[in-house]
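Visitor: got a predicted structure plus its sequence, pasted below:
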2 protein chains.
Amino acid sequence: MGINLTNFLSSKSKNKKMKEFQDLDHIDGVSISSISANLYNTQRDDLVMFYFRDGANHASVYTQSKIISENIKLNLNKKVKKIFSLLINTRNANCFTGKLGYKSLEKIAEITAEKLSDKQKIDEDHPKKIKSKEIIFGCTGTIGEIFPEEKIKSKIPDLINQLKYTQNKYIWMKAALGIMTTDTQPKMAMEECLIGSSEIKIFGIAKGSGMIQPNMATTLAYIFTDADLPNDILKKLLKKNLASTFNAITCDGDTSTNDMISIFSTGKKRHAKIKNINDEKIKNFDESLNKVLLNLAKRVVADGEGASKFITINVCNCKKETEAKKIAFSIANSSLVKTAIAGEDPNWGRIIMAIGKSNVPIKIDRLVIKFGNLIIIHNGKLSINYDEQEVSEYMKKTDIDITVDISNGSKNFTAYTMDLTKKYIEINADYRS
Amino acid sequence: MGINLTNFLSSKSKNKKMKEFQDLDHIDGVSISSISANLYNTQRDDLVMFYFRDGANHASVYTQSKIISENIKLNLNKKVKKIFSLLINTRNANCFTGKLGYKSLEKIAEITAEKLSDKQKIDEDHPKKIKSKEIIFGCTGTIGEIFPEEKIKSKIPDLINQLKYTQNKYIWMKAALGIMTTDTQPKMAMEECLIGSSEIKIFGIAKGSGMIQPNMATTLAYIFTDADLPNDILKKLLKKNLASTFNAITCDGDTSTNDMISIFSTGKKRHAKIKNINDEKIKNFDESLNKVLLNLAKRVVADGEGASKFITINVCNCKKETEAKKIAFSIANSSLVKTAIAGEDPNWGRIIMAIGKSNVPIKIDRLVIKFGNLIIIHNGKLSINYDEQEVSEYMKKTDIDITVDISNGSKNFTAYTMDLTKKYIEINADYRS
């Protein structure tokens, strides 16, 4: 059932009615609908539409893989100032589908633009003719299968009919559920912050089961704010904050062809104009965006179906941040470390091994390793206070914190991962059969 | 019980009396003994001595880890022309043992040199006084435990007493068993070849369970030949042939602090003098050394306790060999690929994913992927002959061959790995408890 997430709820959040989920309510300028296009041949929702009636500024970051899906190719070809809709389907990744897959999306974009333009004529005083290039796509699912163009196209009118002016927590939850593939839990997060004296909302939903799931478990994350920020500022803020959030999580080191993280800014809240990201007035927004992204990223790690433990790896006091990151990921990606933690075995020798193979030069006689607050290695030697019994007790916890202090500088990096269990193999070995 | 290894036996070998093992007999200039120093508190052999009565030229290659064991530090500090003994212990890696661990080895080297010098006085017409620096060490086992200096020292006289002038297959087998840690099978290999018109033997033993085992499963491999080759030629031949053998295997990407691969040349066979490795006369030796190393390396992969399949990944026709290697290891180290193979699932989408994340630029419309002889992807599209039933049948085999043809150059690389099973997790999660 995954790991209890109560700890991830931001301390600043005002909405804790549900135990594990914050309540996302309404963000002005955003409408949402979810539907089943029967892509799974079940009744589950598999198609989600976000509609920005006055358009939204936006920025997206995509997978680093050299093989990318057709929807990402299409999105990358769009040079528009504002986006009017984000359409997400599950079940089919539209990857390795060639020109046919690309053209399918073009056709879906056309019909969506046409129907949304019709909606504008009914709803708006100054209706806008929405262009197909003002629509972007998120796809996730199986690779190499023909994209279900007809099934999706036929549901566009229903999707648009269901769009409501005001959103509530159920609508957000339904959307978060609608973009899931093998996730066991929907992923939502929110923060409220100030830009100058204006109260701003940042909401987000995500899917992904820690890249540990079948078919690569694409990570999709979509952030929505009523702030009024230009595209270049959004891009800089998104990139900056991904480094310590979605780019700090790892499960098995595998990378999807479809990863996509986007931010949309509807501009419905008036606030002081922000021209660069060093502006003091954007600091609170910046921190809150980081919290939303980190909250979602942690939920992705924690939802690895095989995961029984959530692992935080803090690497401190390196010369360079890149070195801290190398060591953190060397530990976080080590199957031997992750299986030891699954077995609740305080096998610190494997941490030593993972530090060694990271290829970062270290001074052993300065090395400190801690599990939680328990010092294991001090100045490169087994601590005189080391008590195997005490450490074994610690390993029984669900949240395991490992600290590696290199004492050779001032740069830090924190990585998040989960343990490697038999359940992981079960899920991944038995997937398609 | 691991994978049947009959296929690995060299076609050229003349000795196939045992089903899975070649018979290693005598190599002139090499004496071997194995004993229990009770390091495991059982009666198993845990201490193995190789003695070269007239010394041996030698070359060694060690782990790339930034944290290395004390025996490797000691070996690296030795600048001698000839080695008189190689002493290997299991159970204790002598890593993270600090100066104390280093000094223990110095003391063991001293007593060994003294006792071997005494033996020389009895056996040889022109006895040599063996120096402690002419002895090197291989250690494998647990990290961070005090090195059992006394237990080992006390057994040196017995070890030396048991040395016999002539070796046979049982003595080699006993040595191969004596260096095992979590291995389930001893690892031996041999080839016979020619240098000029002289018949030369190359024997080898190894330990290691594919780096997948508890405590990092150090790889140790020791090669012995009666050829007369200088140290620099040995070094070049060893390095050159490791690239396609021990450096082409991977199990979970973890690296030991204690890896050590050495070659010893006793010079007992007269042959044409070899001054550089491009000499035509060394070609047959070079190829045979590769066979011995590849045979041992494959045995290491196949002995992963969790392994149920042996996987060969051929990446062909890249621009650079480094690119072919990157793609091969990206596939070989992917948990998603390895679990799919464990589940006998022809999930080629995961191969695509692993190619994509390797960061090598490829032209998709030239890509060919084969499982065995079955073409899956042809010119970047699912092959028109693709038959899921047929491919599923293929996946049931024990030896799985995956070929990825990039069609963008002429460079190739082959990597070897095994599947990732529940058994792996069981072994590694439950190790110390």
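Guide: Structure's in. What do you need?

Visitor: how about the helices in chain A?
Guide: For chain A, the helices defined by DSSP state H cover A:70-76, A:98-123, A:149-161, A:169-178, A:231-242, A:283-302, A:321-332, A:335-342, A:348-357, A:388-395, A:422-429.

Visitor: output the contacting helices and strands for the shortest one.
Guide: Translated: helix A:70-76. Judged by 3 or more Cβ pairs under 8 Å, 6 or more residues apart in numbering or on different chains; DSSP states H and E, the packing partners of helix A:70-76 are strand A:47-62, helix A:98-123, strand A:135-139, strand A:260-265. Where you see a C-beta, it was placed from the backbone N, CA and C, and this is true even at glycine.

Visitor: would you list these in TSV and tack on distance to chain B and mean neighbour count?
Guide: As requested, the helices and strands packed on helix A:70-76 are exported to TSV (distance: least, Cβ to the nearest Cβ, whole Å; neighbours: other Cβ atoms under 10 Å in any protein chain shown):
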stretch	distance to chain B	mean neighbour count
strand A:47-62	12	22
helix A:98-123	7	17
strand A:135-139	14	25
strand A:260-265	15	26
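
Visitor: nearest to B:Asp123, of the ones you listed?
Guide: strand A:47-62 (71.6 Å; Cβ to Cβ).

Visitor: output that closest one as PDB, nothing but the C-alphas.
Guide: Provided in PDB are the C-alpha atoms of strand A:47-62 (Å, rounded to 0.1, in the frame of the first residue of the first chain):
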ATOM      1  CA  LEU A  47      -8.000  11.200 -20.400                       C
ATOM      2  CA  VAL A  48      -7.600  14.500 -18.500                       C
ATOM      3  CA  MET A  49      -8.000  18.000 -19.900                       C
ATOM      4  CA  PHE A  50      -6.800  21.200 -18.400                       C
ATOM      5  CA  TYR A  51      -8.300  24.300 -20.000                       C
ATOM      6  CA  PHE A  52      -7.000  27.900 -19.500                       C
ATOM      7  CA  ARG A  53      -9.800  30.100 -20.700                       C
ATOM      8  CA  ASP A  54      -7.600  33.100 -21.100                       C
ATOM      9  CA  GLY A  55      -4.500  31.100 -21.800                       C
ATOM     10  CA  ALA A  56      -1.600  30.500 -19.500                       C
ATOM     11  CA  ASN A  57       2.100  31.300 -19.600                       C
ATOM     12  CA  HIS A  58       4.000  28.100 -19.300                       C
ATOM     13  CA  ALA A  59       7.300  26.300 -19.200                       C
ATOM     14  CA  SER A  60       8.100  22.600 -19.500                       C
ATOM     15  CA  VAL A  61      11.100  20.400 -18.900                       C
ATOM     16  CA  TYR A  62      11.300  17.000 -20.700                       C
END
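
Visitor: circling back: and the helices and strands packed on helix A:70-76 as JSON lines, adding mean pLDDT?
Guide: JSON lines is the format used below for those (pLDDT from 0 to 100):
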{"stretch": "strand A:47-62", "mean pLDDT": "97"}
{"stretch": "helix A:98-123", "mean pLDDT": "97"}
{"stretch": "strand A:135-139", "mean pLDDT": "97"}
{"stretch": "strand A:260-265", "mean pLDDT": "96"}
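
Visitor: among those, which is nearest A:Trp348?
Guide: strand A:260-265 (34.7 Å).

Visitor: the closest one pairs with which strands, and in what direction?
Guide: Strand A:260-265 pairs in its sheet with strand A:47-62 (antiparallel), strand A:220-225 (parallel), by DSSP bridges.

Visitor: could you tell me the angle between it and strand A:135-139?
Guide: For strand A:260-265 against strand A:135-139, the angle by axes from the mean of the first three to the mean of the last three Cα atoms, to 10 degrees is 140 degrees.

Visitor: starting at the chain centroid, how far to strand A:260-265?
Guide: Centroid separation for strand A:260-265 versus its chain: 10 Å, with Cα atoms, centre = their mean, to the nearest Å.

Visitor: got the angle between that strand and helix A:283-302?
Guide: Relative orientation of strand A:260-265 versus helix A:283-302 (the same axes, to 10 degrees): 150 degrees.

Visitor: what residues does strand A:260-265 touch?
Guide: Outside of strand A:260-265, the residues within contact range by Cβ atoms under 8 Å, 6 or more residues apart in numbering or on different chains are A:30, A:50, A:52, A:56-63, A:71-72, A:75, A:83, A:86, A:136, A:138, A:218-229, A:234, A:237-238, A:242, A:246, A:289, A:293.

Visitor: just the CA coordinates for that strand, please, in PDB.
Guide: Presented in PDB, the C-alpha positions along strand A:260-265 are these (Å, rounded to 0.1, in the frame of the first residue of the first chain):
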ATOM      1  CA  MET A 260       7.400  15.900 -18.600                       C
ATOM      2  CA  ILE A 261       7.200  18.500 -15.900                       C
ATOM      3  CA  SER A 262       5.300  21.700 -16.700                       C
ATOM      4  CA  ILE A 263       4.200  24.900 -14.900                       C
ATOM      5  CA  PHE A 264       1.200  27.000 -16.000                       C
ATOM      6  CA  SER A 265       0.600  30.500 -14.800                       C
END
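
Visitor: quick one: low-confidence parts of the stretch 151-300 of chain A?
Guide: A:210-217, A:251-255 (pLDDT under 70).

Visitor: 50 instead?
Guide: Low-confidence segments of the stretch 151-300 of chain A (pLDDT under 50): A:212-215.

Visitor: could you chop chain A up by domain?
Guide: Split into domains by automatic domain parsing, chain A comes to A:6-302, A:310-429.

Visitor: now distance to B:Gly372 too, for those, in a markdown table please.
Guide: Formatted as a markdown table, the domains of chain A follow (distance: least, Cβ to Cβ, whole Å):
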| stretch | distance to B:Gly372 |
| --- | --- |
| domain A:6-302 | 19 |
| domain A:310-429 | 20 |
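
Visitor: who's in contact with the closest residue to A:Val368 other than its chain neighbours?
Guide: Counting by Cβ to Cβ, 6 or more residues apart in numbering or on different chains, A:Asp405 is the residue found nearest to A:Val368 once chain neighbours are left out, at 3.9 Å. A:Asp405 sits next to A:316-317, A:366-370 when contact means Cβ under 8 Å, 6+ apart.

Visitor: which one of those has the most neighbours?
Guide: A:Leu367 (22 neighbours; other Cβ atoms under 10 Å in any protein chain shown).

Visitor: wouldn't that residue be in contact with A:Ile376 here?
Guide: No. Contact criterion Cβ atoms under 8 Å: A:Leu367 and A:Ile376 do not qualify, at 10.2 Å.

Visitor: ok so, going back, buried ones only from the contacts of strand A:260-265, please, as a ChimeraX command.
Guide: For the buried members of the contacts of strand A:260-265, the matching ChimeraX selection, counting by 16 or more other Cβ atoms under 10 Å in any protein chain shown, is:
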select /A:30,50,52,56,57,58,59,60,61,62,63,71,72,75,83,86,136,138,218,219,220,221,222,223,224,225,226,227,228,229,234,237,238,242,246,289,293
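
Visitor: among the domains of chain A, which is nearest B:Glu191?
Guide: Across the domains of chain A, closest to B:Glu191 is domain A:310-429 (Cβ to Cβ), at 31.4 Å.

Visitor: from one end of that closest one to the other, what's the distance?
Guide: With Cα to Cα, to the nearest Å as the measure, domain A:310-429 spans 22 Å from end to end.

Visitor: again with stretch A:243-260
Guide: 14 Å.

Visitor: centre of the chain to that stretch, how far?
Guide: With Cα atoms, centre = their mean as the basis, stretch A:243-260 stands 8 Å off its chain's centre.

Visitor: can you give the contact residues for stretch A:149-165?
Guide: With Cβ under 8 Å, 6+ apart as the criterion, stretch A:149-165 contacts A:31-35, A:37-39, A:47, A:49, A:51, A:89, A:104, A:107-108, A:111-112, A:115-116, A:119, A:171.
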